[in-house]
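Asker: Provided below are the primary sequence and the corresponding predicted coordinates.
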Amino acid sequence: MAGVIEAGRVAEPAREVPVAHVTDVLVVGGGIAGVMAAIASGRSGAPTLLVERFGSLGGTGTSAMMNLFYVPYAASRGLVRELLDRLIARGGAIPGEFVVYDPELYKITALEMLAEAQVKILLHTLVSDVVMEGKILRGIVVENKSGRQAILSRVTVDATGDADVAARAGAPYVKGREEDGKMRPMTLIFRMGGVDVRRLVEHVRTHLDDFSPDPLQCMLDLEHHMVRIFGFFKLVEEAKARGELWPDCYYFRVESVMPERGVLTVNATRVYGVDGTSAEDLSRAEIETRHQMIQLAAFARKYIPGFERSFILDSASTIGVRETRRVRGEYVMTEDDILAGRHYDDVVGVDANQQNPRQQGGHPPDGKEGGPQDAEARRLVARMFVYEIPYRCLVPAEVDGLLVAGRCLSVDHHADVYTRNQGTAMASGVAAGVAAALAARAGVPPRQVDVRAVQARLRDLGADLDLLRRLGPSPERLA
Ligand SMILES: Cc1cc2nc3c(=O)[nH]c(=O)nc-3n(C[C@H](O)[C@H](O)[C@H](O)COP(=O)(O)OP(=O)(O)OC[C@H]3O[C@@H](n4cnc5c(N)ncnc54)[C@H](O)[C@@H]3O)c2cc1C
């Protein structure tokens, strides 16, 4: 019940909150990082609870309709490979340089793996506060249909993407780009049905100069059901000149396709200058991108061969947020570390993905993505980078009882181009889950956990911590 209103603020009276759950390991956020953390913790023997604000798991990878694991199948090992193989076995994923998946089959596969690991799941539950004892995180306060509840834990993994728990616990963090706080754009992904994909692919093949030259951005492999197209630059410019698209639109992009269904995922709406930790900005982005979606669908129907009879099948249930808070941990990994192939004694994960280094891509916050000045869209072919993730990037400074995994890892804005992908979210999730389970069992803060024991347990689970040593930082191939 709200109390006195004074100077634009409402004073809440102190109240007692019932403790609804007590657990050894609490994982907050059911995106790919949280799912992997909870499975790894459960499999390592810790009583584990996973809390998620939505009604299904997968986070950005399902609710925001981003259905592509940027992890090369050949480099995947351990729990990551197991998830991919389970999906592939039920017809829910296509392995390749990255792995395209069916979000519905991913949701159920995640639930099955969590159940096997004996992880408890609490859905429809938003974390709103933390329970602190000095600098030690003892648990969280949540809001859900049952009311306001407390959940206590020995160790908590913040896998909210936005570092919601870490920020409320007082851990230091940076939002967006270090020099000016600007963040990568947000995107509402939507799907179009009724597309004649063969006709579309034929058009792209005969107009290659209007598309990205990168074979990973323009994949036209109908035989393996992999189609990804980034371009239509001239068509977009012409439509803009007629006032049919918004001024900051420079391309049309479809990806993550299972083309035999005639369904394409469109990843082309963009809103800049918005903060995913502000409800007002999230609202603005949802509204603006919905107008953009209508313009893009009409543009595609009118001008792109193959889309003549297409329709908007559905749109994501939430806007896709690429960047918000990253905690400041015991170590802050930089792009220089990645490019140099830096090794760490406390390596707990290795990831590989294809990028254009040195600020030449990765959805920069400045706008004009895909425009004539955008080297990544117009000229460059990405290279593979293999990099280690040190345990210290999972351990926030100043707060105990807490680890982070996924998008809010302790890296800088330019390293985030690589690490914001689902591959690193998976690897850091597995590492955080194992470390949390071992710390809870040993009764020590995560900062003091025996990293050698974490590495040994990760190897037991099949993780490959030696990939960088074997292949070097920028191999031609991963096999
Ligand atoms: C448009 C777009 C396109 C992308 N394209 C690719 C791509 O092609 N390949 C790729 O690999 N990656 C891509 N990414 C990046 C990648 O999808 C994400 O960075 C990654 O999925 C993050 O995983 P996560 O588990 O850290 O966070 P999320 O997936 O964001 O999961 C966080 C979870 O925590 C929950 N949560 C948040 N706050 C709270 C709270 N307070 N209480 C309770 N629960 C909470 C959320 O509901 C969510 O389920 C893309 C991202 C976007 C937005």
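Answerer: Now that the structure is in, tell me what you want to look at.
Asker: contacting residues for residue 408?
Answerer: Residue 408 makes contacts with 158-163, 166, 173, 324-327, as judged by C-beta atoms under 8 Å, 6 or more residues apart in numbering. No exception for glycine: its C-beta is placed from N, CA and C like everyone else's.
Asker: So what's the residue count around the residue of the stretch 301-450 of the chain found nearest the ligand?
Answerer: Of all residues in the stretch 301-450 of the chain, residue 406 sits closest to the ligand, at 2.2 Å by C-beta to the nearest ligand atom. By other C-beta atoms under 10 Å, 33 other residues sit near residue 406.
Asker: Then the one 5 residues further on?
Answerer: Neighbour count for residue 411, taken as other C-beta under 10 Å: 28.
Asker: and what of residue 349?
Answerer: Using other C-beta under 10 Å, the number of residues around residue 349 comes to 29.
Asker: Looking at strand pairing, list the partners for it.
Answerer: Beta-bridge partners of residue 349, counted by DSSP bridges, are residue 389.
Asker: With just CA atoms, put stretch 177-192 into PDB.
Answerer: Extracted C-alpha coordinates of stretch 177-192, given in PDB (Å, rounded to 0.1, in the frame of the first residue of the first chain):
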ATOM      1  CA  ARG A 177      29.400   2.500 -24.800                       C
ATOM      2  CA  GLU A 178      31.900   3.600 -22.200                       C
ATOM      3  CA  GLU A 179      32.600   7.000 -23.700                       C
ATOM      4  CA  ASP A 180      29.000   8.200 -24.100                       C
ATOM      5  CA  GLY A 181      26.600   5.600 -22.700                       C
ATOM      6  CA  LYS A 182      24.900   5.000 -26.100                       C
ATOM      7  CA  MET A 183      23.500   1.600 -26.700                       C
ATOM      8  CA  ARG A 184      23.000  -0.600 -29.700                       C
ATOM      9  CA  PRO A 185      19.600  -0.300 -31.400                       C
ATOM     10  CA  MET A 186      16.500  -2.200 -30.500                       C
ATOM     11  CA  THR A 187      14.600  -4.400 -33.000                       C
ATOM     12  CA  LEU A 188      11.100  -5.800 -33.200                       C
ATOM     13  CA  ILE A 189      11.500  -9.100 -35.100                       C
ATOM     14  CA  PHE A 190       8.600 -10.300 -37.100                       C
ATOM     15  CA  ARG A 191       7.800 -13.200 -39.400                       C
ATOM     16  CA  MET A 192       6.300 -13.100 -42.900                       C
END
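Asker: That stretch close to the ligand?
Answerer: Yes - applying C-beta under 6 Å from any ligand atom, one finds stretch 177-192 touching the ligand at 187, 189.
Asker: if we can go back for a sec, just the ones of the contacts of residue 408 in helices?
Answerer: Among the contacts of residue 408, the members falling in helices (DSSP state H) are residue 166.
Asker: Save the contacts of residue 408 as a markdown table, and put in neighbour count and pLDDT too.
Answerer: Output for the contacts of residue 408, formatted as a markdown table (neighbours: other C-beta atoms under 10 Å; pLDDT from 0 to 100):
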| residue | neighbour count | pLDDT |
| --- | --- | --- |
| 158 | 37 | 98 |
| 159 | 34 | 98 |
| 160 | 30 | 98 |
| 161 | 26 | 98 |
| 162 | 22 | 98 |
| 163 | 28 | 98 |
| 166 | 31 | 98 |
| 173 | 20 | 98 |
| 324 | 22 | 98 |
| 325 | 25 | 98 |
| 326 | 28 | 98 |
| 327 | 29 | 98 |
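Asker: What's the separation between residue 71 and the ligand?
Answerer: To the ligand, residue 71 is 7 Å away according to C-beta to the nearest ligand atom, to the nearest Å.
Asker: Go ahead and confirm that residue touches residue 386.
Answerer: No - using C-beta atoms under 8 Å, residue 71 is not in contact with residue 386; the gap is 11.6 Å.
Asker: who in the stretch 51-200 of the chain is up against the ligand?
Answerer: Taking C-beta under 6 Å from any ligand atom as the contact definition, the stretch 51-200 of the chain meets the ligand at 51-54, 59-61, 64, 66, 68-70, 126-127, 159-162, 164, 187, 189.
Asker: Go again with 8 Å.
Answerer: Contact residues, the stretch 51-200 of the chain versus the ligand (C-beta under 8 Å from any ligand atom): 51-54, 57-61, 63-64, 66, 68-71, 98, 125-128, 142, 159-162, 164-165, 186-187, 189.
Asker: Could you pick out the buried ones from those?
Answerer: Those of those that meet the buried threshold are 51-54, 57-61, 63-64, 66, 68-71, 98, 125, 127, 142, 159-162, 164-165, 186-187, 189, by 16 or more other C-beta atoms under 10 Å.
Asker: Narrow these to those in helices?
Answerer: Going by DSSP H, the helices hold 164-165 from those.
Asker: three-state assignment of residue 155?
Answerer: The local conformation at residue 155, judged by DSSP: H, G, I helix; E, B strand; the rest coil, is strand.
Asker: Kindly tell me how buried the spatially closest residue to it that is not a sequence neighbour is, as a neighbour count.
Answerer: Nearest residue to residue 155 in three dimensions, chain neighbours excluded: residue 436, at 4.2 Å (C-beta to C-beta, 6 or more residues apart in numbering). By other C-beta under 10 Å, 34 other residues sit near residue 436.
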